[in-house]
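got a sequence here, can you model it:
(4 chains, ligands or ions: 4)
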Amino acid sequence: MTGTTTTRMTYSQALNDALRREMAADDRVVVLGEDVAHYGGIFSVTRGLLDEFGADRVLDTPISENGIVGGAIGMAMSGLRPVVEIMYTDFLCLALDTIANGVAAFPFAFNGQVSMPIVVRTQGGAGINAGPQHSKSLEAWTAHLPGLHTVMPSSPADAKGLLTAALRSDEPVVLVEHKLLYRSEGEVPEGDHLVPLGTAEVVRPGRDATVLALSRMVPEALTAAEQLARQGLEVEVVDVRSLRPLDTATLAASARRTGRVVVAAESWVRYGPSAEIAAAVTELAFDDLRAPVVRLGSLGVPYPASPALEPSVLPNAAAIEHAVEQLVKRTA
Amino acid sequence: MTGTTTTRMTYSQALNDALRREMAADDRVVVLGEDVAHYGGIFSVTRGLLDEFGADRVLDTPISENGIVGGAIGMAMSGLRPVVEIMYTDFLCLALDTIANGVAAFPFAFNGQVSMPIVVRTQGGAGINAGPQHSKSLEAWTAHLPGLHTVMPSSPADAKGLLTAALRSDEPVVLVEHKLLYRSEGEVPEGDHLVPLGTAEVVRPGRDATVLALSRMVPEALTAAEQLARQGLEVEVVDVRSLRPLDTATLAASARRTGRVVVAAESWVRYGPSAEIAAAVTELAFDDLRAPVVRLGSLGVPYPASPALEPSVLPNAAAIEHAVEQLVKRTA
Amino acid sequence: MTQTLQERRSPLPSSPDIDLFELYRRMRVLRRMDEVLAELVAERLITGPMHLGIGQEAAGIGATAALRPGDMVTATHRPHAQYVGLGLPLGRTFAEMMGRVDGQCGGRGGHMLIADAEHGLLAPSGIVGHSLLFAVGHGLAQKRAGQGAVTLCVTGDGAVNSGAFNESLNMAALWRLPVVVLVENNGYGLSVRLDRHSHQTELYRRAAGYGIPGEVVDGNDVEAVHQAVSAAVARARDGQGPVLVEALTFRNNGFSSSDRGGYRDPDEGAGVTDPLELAARRLRERGASVEELAEIDRLAAVEIDEAVAFAKASPWPDTEALFEYAAKWDEGARR
Amino acid sequence: MTQTLQERRSPLPSSPDIDLFELYRRMRVLRRMDEVLAELVAERLITGPMHLGIGQEAAGIGATAALRPGDMVTATHRPHAQYVGLGLPLGRTFAEMMGRVDGQCGGRGGHMLIADAEHGLLAPSGIVGHSLLFAVGHGLAQKRAGQGAVTLCVTGDGAVNSGAFNESLNMAALWRLPVVVLVENNGYGLSVRLDRHSHQTELYRRAAGYGIPGEVVDGNDVEAVHQAVSAAVARARDGQGPVLVEALTFRNNGFSSSDRGGYRDPDEGAGVTDPLELAARRLRERGASVEELAEIDRLAAVEIDEAVAFAKASPWPDTEALFEYAAKWDEGARR
Ligand SMILES: Cc1ncc(C[n+]2csc(CCOP(=O)(O)OP(=O)(O)O)c2C)c(N)n1
Ligand SMILES: Cc1ncc(C[n+]2csc(CCOP(=O)(O)OP(=O)(O)O)c2C)c(N)n1
Ligand SMILES: [Mg+2]
Ligand SMILES: [Mg+2]
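Ligands and ions are numbered 1, 2, ... in the order given. Coordinates of the predicted model:
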């Protein structure tokens, strides 16, 4: 990224930028979803696209999640490159049929006669008191499916870079955004900017412990790392970024270097993404680990709406800090 | 189980027995699903129930998976105890909305004003050349949801015992059957027979290595253990049986005893149930493990239909045997 | 042991006792509630998403007024009319919306998920389509119980295009369930205008495909809604199966508290009947005095003020209680 | 780079060239195919699930005959009529069903998942409802391309109750897509009789709810189906939007190869018209000789025998190739 001119923008704007650029470059790219056209998306990601590209490239759909993804399958088979917005990950539950039994399976099942250049953008996470039906993190589900990429950008630059890579990929991609990140700002490379699918990134180097973080937990981990640095602990923070393919080489290399690993993901712990990350890293770095990988995530209950309750179920910088401290203490 | 009279029956018959007994005991139990009434279920599990209990207790539904579970939610809130059959786990994808955003969430969300005494029976697994849309194992998905039990019986006795426990539970349960087990036979206790939800079982004791197995991999693991016994290796086989709650105490105790663990589950490995099992066991038994937990599962591709291809993506007794041998060699 | 609905349900004033005065009063309480909710959102005393129904009062209030004790209701992300129409204790309702311990769900559910077993509302839901699906289950239980109870299923124009609509209408018709489906057609599914989400914009016509009656009613006329739904309820109670009633109305506020606007014609609301004004005019024509109406308004304001005061005084819920009802049995919960 | 459909599609005989002789020939090939498939299942040369369509030939054959090159088809778990009607090379089709390397999908898909890009069939699907959903996407692409191509969407009576039906019909109508929905109403959704899964058993009436035309046709009369679908296709091609055509037919075999039976009245089939017999009778009335018909039958048998021979001679696929198209890019695949 060195040498590139950058602009400061929000995560939403960065996503919008990626969509606009790719739509301009390739007229097979078509955006569809609930409220994406006239309104511009409830998180403003598709704002302006209708005016710029017209009603046959940007479609407001009825409330028909399985139908939207199913429609995208038909479009993809007919040579288009659909980009679907599923407003909340919670509603992605309504489209898992077409995703699991269609999108992920068809290139394989039809032996390459069809490709599925489909991007499903969705948005998850808690933190706005939206309650149990609008706060979940379910990325472990799509990441379980062979034939599908699942990626989660944590910064505006990665939002642009991963979405661009997804839009150019001939394989299907689920891109999971986080509702609390849309307004976060950062420097974003102008022009072409790709983050290859399947790559993790060391966002802060360190030698004493590794935090493998996902999505919104990346900034939380960086905050924790700064605090811990004051105590003289140098924590390496790795943005896992791609759940599938999982960049086990980068994750395990860090684990081997530090011997101490905390996985921080907002999702529920049991059968969540952190289970796979912990298991995969342990497989590769077992001999260098001084203690079992520690997993941090949401408490195992549905997300409560009350502002008095919600924060207490979520992981955060303080929890990460505490976990690293404990781990270092245990293995001193 | 000692002292109880048993009868030899198939897994299907054992499930049928559990349903019949509970329906006779409690007239709030209502069975619904596609082809469950007049036909008796495509795997014969609900055979005879319509004649015995009548059309208002046993309902053939239209092809409306989300609607069936959604209907069950309404029934449960109105005081009934619905038992839903979702014909294939692959079609459970169509009902994950009502499961994740309803069944699992509501007792919590409504603070105990509603309970969800719902049993969702479904059936997964490969082995009959049914191809990518009728062969998946997706139990990791429901097991990720707080508020829900997910269990997988591996024998006729457990099929009866776990289904009976599920039917008597006031919390919702997903019970995942395996298509290749329906015709397997075994001794099943007559009369009342409960296997408590949340308990694993050591089905063969051993000291050299532990195989933590799920569903159809339990008989495969037992076969492997017999082979390995000839080489003088005593393998402990634990039937995990309950994915949520996960009986970590039993699993970790075995891991601590043997120091070597293989997890055998038919599902895909990445983000599959074996990731959680490996991570949870490692957390508790790290100091006693001589090597990282080994995970066996299906190759990471959709299930191919061809009889020439399907077996090569599936784990089996030979693969388990080989994995244990390698593990023992590595840690000798 | 799960209680049956009949055991849990406390009485509501039944249909014959409800005149236009009472309907007007309920609408006034509802309007006042929504106005105050908008303020509480602005003050950040309510922080989650919030969907008001200003302008839509007649549909929800007219419909619930057709019910009697023992009946059931299913509702959506815009459920306040049902909360008021069923007589929920509004202090607890505000407390729930504010996330307080005295809320019906202890603050867990928020404004879209207020169950109140005492009042026949067990699960409104923020997922589009759920109200339709749950109604099928209630209807099955009611039919089986054979006591003439019915379910009022409230849904929106946008929800008519969900898979759930087809699945539910077909099952309700097939099993002749005592379900009345009220489609509150406010002309938008979130930002998407009716004619941009449905080609056949006369939504009551969907009923014929299932072989059940479909009707359309002026959804801003509370008496018209009350009558149409009462007739449908009577039919359902009588074992003749479901009816779909489409109530044409107008949403006079943003879709939700986070609506950025910009997708509606600013003049769209011009000339639309306000359901409260219509009812007030009619009451005046029938002889009510200005003072009588003003007194209703005043009492509504008092009721809401008291409810808000109750809610504000309610403590925050205790995080230890979080493990009730989802996780006590689950060793994995505390991690 | 993804090819567009137009680039990939090889020509089909177009509608005007198809007379009753040709329709009869196709039905005969299809019948023979299904009869032989039943034998291959019995011999365990085909091992996966198998859904035959004996008795239903007229609907599928009549409908595909209304298409021209460049059109698209979506199909279900019972797709053989589309395979034959679109002219797929049947040797490869049998090979696919037998899991051999020369199958269109190298044995991966099996009988429900045979894509044949050359012939306008990209994804039949074994999931009820998928054919409806995919048709919306094809239709959108066709409308955008503006070349008058249409999509024939085949579905069953049971599928009419899926969520997908509502979502698809609404979108197709809303966007005026060039989609013709053919409901093959064989009176059963698996074991569930039509009147046990739908209250309104006249399924074409569902169309009105979406503001599109709905028609019913004798699904055992191949000419009637051909005419009705041709008219619907012409209308769709002309930009006038979707049509629903219900074809009444009868499934004269088990639901699938694992059907245990017992849910149908044994006499149910008595008096049902066999589509091949009807067509043969008509051809005779129009002057065809017994010998001409026998020759068609003979050639059909030869064609199928050759196809089976091809398939039997085809090797098994190589397991190393498994990593193509799903997993080459995924390091997690090999574990
Ligand atoms: C399955 C699902 N999809 C999308 C949403 C987001 N959403 C909430 S309300 C709404 C619009 C609903 O429209 P309508 O049924 O007309 O109700 P209205 O808001 O107009 O009262 C949408 C899209 C949701 N909650 N659930
Ligand atoms: C979503 C889904 N649910 C259930 C099934 C199992 N299933 C396959 S075909 C079928 C019946 C379909 O009936 P219909 O649409 O009438 O087609 P027919 O078999 O009669 O041709 C069922 C229930 C499935 N494949 N997909
Ligand atoms: Mg609306
Ligand atoms: Mg049928």
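
isn't A:F91 up against A:E65?
Yes. A:F91 lies in contact with A:E65 (C-beta atoms under 8 Å); the separation is 5.3 Å. For the C-beta atoms, the positions are set from N, CA and C on the backbone; glycine is no exception.

and the two? Which one has more around it.
A count of neighbours by other C-beta atoms under 10 Å in any protein chain shown puts A:E65 above the other of A:F91 and A:E65, at 31 against 21.

anything in stretch A:292-308 near chain B?
Yes. Using C-beta under 8 Å from any C-beta of the partner chain, stretch A:292-308 reaches chain B at A:292-293, A:295, A:300-302, A:304.

which of the residues you listed fall within strands?
In strands, judged by DSSP state E, the following of the residues of stretch A:292-308 next to chain B are found: A:R295.

so which of the residues of stretch A:292-308 next to chain B is surrounded by the most neighbours?
A:P304 (33 neighbours).

just the element for the nearest residue to that one once chain neighbours are set aside, please.
Nearest residue to A:P304, sequence neighbours excluded (C-beta to C-beta, 6 or more residues apart in numbering or on different chains): C:R108, at 4.3 Å. Here C:R108 is covered by no helix or strand, with elements defined by DSSP states H and E.

OK, contacts around C:R108?
Counting by C-beta atoms under 8 Å, 6 or more residues apart in numbering or on different chains, C:R108 makes contact with A:131-132, A:302, A:304-306, A:309, B:108-111, C:317.

what's the per-residue pLDDT of it here?
At C:R108 the predicted local distance difference test score is 97.

please name the nearest non-neighbouring residue to the residue in chain C that chain B sits nearest to.
Nearest to chain B, among the residues of chain C, is C:G137, at 2.1 Å (C-beta to the nearest C-beta). Nearest residue to C:G137, sequence neighbours excluded (C-beta to C-beta, 6+ apart): B:G74, at 2.1 Å.

check contacts around that neighbour.
Residues counted as contacts of B:G74 (C-beta under 8 Å, 6+ apart) are C:74, C:123, C:133-141, C:151.

now with 10 Å, please.
By C-beta atoms under 10 Å, 6 or more residues apart in numbering or on different chains, B:G74 lies in contact with B:80, B:82, B:102, C:72, C:74, C:122-123, C:130-142, C:151, C:153, C:168, C:179.

got the phi/psi numbers for it?
For B:G74, the backbone dihedrals (degrees, to the nearest 10) come out as phi -60, psi -40.

next one: A:R21
Dihedral angles (degrees, to the nearest 10) for A:R21: phi -60, psi -40.

wait, isn't it in contact with A:G191?
Yes. If you go by C-beta atoms under 10 Å, A:R21 and A:G191 touch, sitting 8.2 Å apart.

show me which of the two is the more surrounded one.
Between A:R21 and A:G191, counting by other C-beta under 10 Å, A:R21 is the more crowded of the two (18 against 8).

A:Q123 falls within a strand, correct?
Yes. Counting by DSSP: H, G, I helix; E, B strand; the rest coil, A:Q123 falls inside a strand.

C:A247 versus the residue lying closest to it once chain neighbours are set aside, what's the distance?
Among residues not flanking A:Q123 along the chain, A:E177 sits closest, at 4.5 Å (C-beta to C-beta, 6+ apart). The gap separating A:E177 from C:A247 is 36 Å, by C-beta to C-beta, to the nearest Å.

now for C:W175: which residues touch it?
B:55-56, B:59, B:61, B:71, C:136, C:139-140, C:143, C:241-242, D:199.

centroid-nearest residue for chain A?
A:M152 (1.2 Å; C-alpha atoms, centre = their mean).

ok, back up a step: measure the residue nearest to A:Q123 to D:L40 for me?
From A:E177 to D:L40 the distance is 49 Å (C-beta to C-beta).

just checking, C:M112 touches C:S131?
No. Taking contacts as C-beta under 10 Å, C:M112 lies outside contact range of C:S131: 11.1 Å.

higher neighbour count, the two?
For C:M112 versus C:S131, neighbours defined as other C-beta under 10 Å are more numerous around C:S131 (31 against 26).

just the pLDDT for the closest residue to ligand 1 within the stretch 151-300 of chain C.
Nearest residue of the stretch 151-300 of chain C to ligand 1, counting by C-beta to the nearest ligand atom: C:G156, 2.2 Å away. In the prediction, the pLDDT value recorded for C:G156 is 98.

that one: how many residues sit nearby?
Quick note: C:G156 (other C-beta under 10 Å) scores 25 neighbours.

how about it, what does it touch?
Per C-beta under 10 Å, 6+ apart, neighbours of C:G156: A:63, C:56, C:76-78, C:128-129, C:131, C:162, C:182-186, C:188-190, C:203, C:251.

next one: phi and psi at it?
phi -120, psi 170.

show me where the stretch 51-200 of chain C has strands.
With strands called from DSSP state E, counting those that start in this stretch, the stretch 51-200 of chain C shows them at C:72-74, C:151-156, C:179-185, C:188-189, C:192-193.

could you look up the SS state of C:D265?
Assignment for C:D265 (three-state DSSP): coil.

neighbours around it, how many?
Residues near C:D265, counting by other C-beta under 10 Å, number 8.

again with A:H38
Using other C-beta under 10 Å, A:H38 is surrounded by 17 other residues.

list the contacts of it.
A:50-51, A:55, A:58, A:60, C:191-193, C:196, C:262-264.

which residue packs closest to it, ignoring adjacent ones?
Excluding its sequence neighbours, the residue lying closest to A:H38 (C-beta to C-beta, 6+ apart) is C:Y263, at 4.6 Å.

local confidence estimate at that neighbour?
We have a pLDDT of 96 for C:Y263.

related to what we said a few turns ago, out of A:E177 and D:L40, which sits in the busier spot?
Of the pair A:E177 and D:L40, A:E177 is the one with more neighbours under other C-beta under 10 Å, namely 25 against 18.

distance from the chain centre to the host helix or strand of that one, please.
A:E177 belongs to strand A:173-178 when assigned by DSSP H and E. Centroid separation between strand A:173-178 and its chain, computed with C-alpha atoms, centre = their mean, to the nearest Å, is 5 Å.

got the contact list for the next helix or strand after that strand?
Note on strand A:173-178: by DSSP H and E, the next helix or strand toward the C-terminus is strand A:185-189. Residues outside strand A:185-189 that contact it (C-beta under 10 Å, 6+ apart) are A:1, A:3-11, A:13-14, A:17-18, A:154-161, A:195, A:219.

narrow those to those that are buried.
Neighbour counting with 16 or more other C-beta atoms under 10 Å in any protein chain shown marks A:9-11, A:13-14, A:17-18, A:154-161, A:195, A:219 as buried within those.

could you pull out the strands for chain A?
A:6-10, A:29-33, A:58-60, A:81-86, A:119-124, A:149-151, A:173-178, A:185-189, A:201-204, A:209-213, A:235-239, A:242-244, A:261-268, A:294-298.

so which of those strands is the most packed in?
Stretch with highest mean neighbour count among the strands of chain A: strand A:209-213 (a mean of 31; mean count of other C-beta atoms under 10 Å in any protein chain shown).

kindly export it (C-alpha atoms) in CSV.
This file holds the C-alpha atoms of strand A:209-213, laid out as CSV (Å, rounded to 0.1, in the frame of the first residue of the first chain):
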residue,chain,number,x,y,z
ALA,A,209,1.2,-12.7,22.8
THR,A,210,-1.0,-12.8,19.7
VAL,A,211,-4.5,-11.6,19.4
LEU,A,212,-6.3,-13.0,16.3
ALA,A,213,-9.2,-10.7,15.8
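
partners of it in the sheet?
Using DSSP bridges, strand A:209-213 pairs in its sheet with strand A:235-239 (parallel), strand A:261-268 (parallel).

which one is C:V136 nearest to, not counting chain neighbours?
Counting by C-beta to C-beta, 6+ apart, C:V136 lies nearest to B:G71, which is 4.2 Å off, once chain neighbours are set aside.

quick one: contacts for the spatially most central residue of chain C?
The centre of chain C sits closest to C:Q82, judged by C-alpha atoms, centre = their mean, with a distance of 3.2 Å. By C-beta under 10 Å, 6+ apart, the contact list for C:Q82 reads C:30, C:53, C:60-61, C:63-64, C:73-76, C:88, C:114, C:116, C:119-121, C:124, C:131, C:152, C:154.
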